[in-house]
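Participant: Just to be clear, the model below is a prediction. Sequence and coordinates:
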Amino acid sequence: MKRTIILLGVFFAVMTMAAQQRLVYQSYMLGSDSGDTTFREVQRFKNQLKINDIQEFKGKLIDGVSTDFTYVDYDLDSVYIQMNYQDGESYFYAYSLKTNDVEFKEVGAEKILGYDCKKYKTSINSNTIEVWMTESLGFDASPVTSRGYLKGVMVRQAINGNRIMDLKSIKKDKKLKKSLIPDNLGVRKTGKELNQINKDKLIVRTKIFDDEQIHFAKIDKFNGEIPFDTVLHFSWGTIILKRVNLPVLPEHYQIFAELHQRSNGDAYDRSGSVFVIPMDRKLSLSNALIDSIQVIPYQYDKNGKKYQGISLTDDYMPVVELMRFFTPFGVNHFNDRVQIDGLEWQDEAYYKMEVTELSDRLSGDVLIGAFIGNYDGGGHKVSLDLVAYPQDYDGDISKNCRWSLPLFNTCNVMEMSGQNYGRLFQTDSLKVEFDIPEGVENLRLRYITTGHGGWGGGDEFNPKENTIIIDGEKVFKYTPWRCDCATYREFNPVSGNFWNGVSSSDLSRSGWCPGTATNPVYFDLNDLKPGHHTITIAIPQGADEGGSFSHWMVSGVLIGNLE
């Protein structure tokens, strides 16, 4: 039922001579079904105000939340915005109340909530703002200071006619301090600086890799338990790996993988992957990295080719792919090699992908790796952060219920150690058995697929339909294709340029472009019941041609909520 706003026709007593009041304002949306409102308190002592939102929060707060106060001194024409953090730090910035770019126009007079008011109107960023001010109380007070000074007490504000803030109550309060503004407000900052401090404290940023080299080189063999916070190189330097202890966050946080990449000598577009090595079962890719590719489960296709560690077994989980990315042709290192009128080469490739649905794999003790397949001694440089943004103030992690199960991954991150390309689709499909536990809801398949084979007849340049078969029934079909690759021309300084003016990096491809990340696609599997199931991936992979062959990198993870 829509909330009915009852305008209490209460005429508050005129308190011209009173020096101490508490004013409470209520904000609401006209026509809202939710009934939610917020409140803001304005304390007044003579010509000073203290303004703060009235919040009732029960339970644990997330880290980085500040308690904010706004102070106004009309005598000094000053506003002070103060932010107090849980770690004991306080900051503030100050500005003049009467110096602003907002011009209100007086447009009439109305009686609002029992008060005779002047009505003012302005427009900011296409939003119409109306304000009703009364001078009958004999003092100035407003819960909104960012738009400058209007004489009197604000009785109502309306934004676009439906976002309303009303004066709810006004009472004398002799207990208020005679000086509302503290002597020490904290460390003074500019508004821009304080905004950045607030973001830095709320956002949880974890540095994984910092300008690390991924290249082809002889690497000393590592033996023993993988230590925390140490970057290790494996598979002839084409994999970097780090063991980290990630914070356990409430699931309302949005998590992003943020990657910076530039060439350090390699001129070509290369396949890359950011991944987590799950440790849920007896064997994982970490065993192959430390020992040998031969220790993890493998399977053969009908041509007798061997594929190591690509699918789920009773004893093994494949790597969980956070982000599939592709390097551009030589960004940064080769920027001075070719000059083309109208193009200015970028300094790096930047990829940022949301991975929130895999948050159960991104807390506590985690092995995170990055791979770029290349044969160059200089290779590439990469930096990787995991960045988490809160969507709520609730710090309760007991509600966390995300669940995931990695099923398959044919992205051969251990290519340089003998892990085969995903060529099996030429003669076979990829079939995986799995079990769904009781209580899983909102079940989906997170699927990443890209086709490769870099000649005219190869699967890189020819659309191929991916068919997903569940328990023997064809349930989904999807054809990966990117036809916007020319958008990223400025990231590809040494991409080949053809006689007709087209660049190699411009060409459409099977789900990827040089210098981009490939978006996952999601398939609804809510109809699957708990128990044992099979999933099969079938792709009409093209035939080999001379020494060239096509292959497919596909990864699939079941995601859902375990109630």
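Facilitator: Everything's here; your move. Numbering: from 1, shown residues only.
Participant: contacts and neighbour counts: CA atoms only from here.
Facilitator: Will do.
Participant: sec struct for Tyr91, please.
Facilitator: Here Tyr91 is strand, with the state taken from DSSP: H, G, I helix; E, B strand; the rest coil.
Participant: so it bridges to which residues?
Facilitator: Here Tyr91 sits in beta bridges with Met83, Val187, going by DSSP bridges.
Participant: Grab the nearest non-local neighbour of the residue nearest the centre of the chain.
Facilitator: Nearest residue to the geometric centre of the chain (CA atoms, centre = their mean): Phe256, 3.7 Å. Nearest non-adjacent residue to Phe256, counting by CA to CA, 6 or more residues apart in numbering: Glu354, 4.2 Å away.
Participant: Likewise for Asn223?
Facilitator: In space, Asn223 is closest to Ile290, 5.9 Å off (CA to CA, 6+ apart).
Participant: quick revisit: contacting residues around the residue nearest to the centre of the chain?
Facilitator: 352-356, 386-388 (CA atoms under 8 Å, 6 or more residues apart in numbering).
Participant: Please apply the same query to Val554.
Facilitator: So Val554 contacts 408-411, 447-450 (CA under 8 Å, 6+ apart).
Participant: Look up phi and psi at the residue lying closest to Pro437 once chain neighbours are set aside.
Facilitator: Nearest non-adjacent residue to Pro437, counting by CA to CA, 6+ apart: Pro530, 5.3 Å away. The phi/psi pair for Pro530 (degrees, to the nearest 10) reads phi -60, psi 140.
Participant: Could you list the low-pLDDT ranges of this protein?
Facilitator: 1-18, 33-36 (pLDDT under 70).
Participant: And it, what are its domain boundaries?
Facilitator: 20-198, 203-562 (automatic domain parsing).
Participant: among those, which is the most enclosed?
Facilitator: Of the domains of the chain, the one with the most neighbours on average (mean count of other CA atoms under 10 Å) is domain 203-562, at a mean of 19.
Participant: quick one: that one to chain centroid distance?
Facilitator: 18 Å (CA atoms, centre = their mean, to the nearest Å).
Participant: Over to stretch 25-33?
Facilitator: Averaging C-alpha positions (CA atoms, centre = their mean) puts stretch 25-33 30 Å from its chain's average.
Participant: export it as PDB, just CAs?
Facilitator: Provided in PDB are the C-alpha atoms of stretch 25-33 (Å, rounded to 0.1, in the frame of the first residue of the first chain):
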ATOM      1  CA  TYR A  25      14.000  16.700   9.000                       C
ATOM      2  CA  GLN A  26      12.400  13.700   7.300                       C
ATOM      3  CA  SER A  27      13.300  12.700   3.700                       C
ATOM      4  CA  TYR A  28      11.000  10.400   1.600                       C
ATOM      5  CA  MET A  29       9.900   9.600  -1.900                       C
ATOM      6  CA  LEU A  30       6.400  10.500  -2.900                       C
ATOM      7  CA  GLY A  31       4.500   7.400  -4.000                       C
ATOM      8  CA  SER A  32       7.100   5.000  -2.600                       C
ATOM      9  CA  ASP A  33       5.800   1.600  -1.600                       C
END
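Participant: one step back: what about the contacts of Val554, which are in strands?
Facilitator: 408-409, 447-450 (DSSP state E).
Participant: so how far is Ala217 from Asn332?
Facilitator: The gap separating Asn332 from Ala217 is 21 Å, by CA to CA, to the nearest Å.
Participant: and if you look at Leu407?
Facilitator: With CA to CA as the criterion, Leu407 and Ala217 are 31 Å apart.
Participant: ok, now Lys111?
Facilitator: From Lys111 across to Ala217, the span is 80 Å (CA to CA).
Participant: now swap in Glu41 and tell me
Facilitator: Taking CA to CA as the measure, Glu41 falls 64 Å from Ala217.
Participant: again, but for Gly148
Facilitator: For Gly148, the distance to Ala217 - CA to CA - is 63 Å.
Participant: ok, back up a step: doesn't the residue nearest to the centre of the chain fall inside a helix?
Facilitator: No: per three-state DSSP, Phe256 lies outside any helix segment and is strand.
Participant: Show me what it is bridged to.
Facilitator: Beta bridges link Phe256 to Glu354, Val387, judged by DSSP bridges.
Participant: now do Val366
Facilitator: For Val366, the beta-bridge partners are Val244 (DSSP bridges).
Participant: same question, the one 4 residues further on
Facilitator: Beta-bridge partners for Ala370, by DSSP bridges, are Ile240, Val274.
Participant: right, and it touches Val274 too?
Facilitator: Yes: Ala370 lies in contact with Val274 (CA atoms under 8 Å); the separation is 4.5 Å.
Participant: which residues make contact with stretch 73-85 from outside it?
Facilitator: Applying CA under 8 Å, 6+ apart, the set of residues contacting stretch 73-85 from outside is 47-49, 64-72, 90-98, 145, 185-186.
Participant: And the contacts of stretch 194-205?
Facilitator: Residues from elsewhere that reach stretch 194-205 (CA under 8 Å, 6+ apart): 63-66, 91-93, 385-390.
Participant: Could you dump those into JSON lines and include distance to Tyr421?
Facilitator: Listed next are the contacts of stretch 194-205 as JSON lines, based on distance: CA to CA, whole Å:
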{"residue": "Asp63", "distance to Tyr421": "44"}
{"residue": "Gly64", "distance to Tyr421": "45"}
{"residue": "Val65", "distance to Tyr421": "48"}
{"residue": "Ser66", "distance to Tyr421": "51"}
{"residue": "Tyr91", "distance to Tyr421": "55"}
{"residue": "Phe92", "distance to Tyr421": "57"}
{"residue": "Tyr93", "distance to Tyr421": "58"}
{"residue": "Asp385", "distance to Tyr421": "28"}
{"residue": "Leu386", "distance to Tyr421": "28"}
{"residue": "Val387", "distance to Tyr421": "31"}
{"residue": "Ala388", "distance to Tyr421": "33"}
{"residue": "Tyr389", "distance to Tyr421": "36"}
{"residue": "Pro390", "distance to Tyr421": "39"}
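Participant: just the contacts of Phe256 now: which is nearest Glu438?
Facilitator: Using CA to CA, Thr356 is the member of those that lies nearest Glu438, at 22.7 Å.
Participant: which non-adjacent residue is nearest Lys474?
Facilitator: Closest residue to Lys474 apart from its sequence neighbours, by CA to CA, 6+ apart: Ile468 at 6.0 Å.
Participant: Run through the residues that contact the one you found.
Facilitator: Listed by CA under 8 Å, 6+ apart, the contact partners of Ile468 are 474-477, 535-538.
Participant: Correct me if wrong, but it is in a strand.
Facilitator: Yes: using three-state DSSP, the assignment for Ile468 is a strand.
Participant: in the sheet, who's paired with it?
Facilitator: Where Ile468 sits in a bridge, its partners, by DSSP bridges, are Phe476, Ile537.
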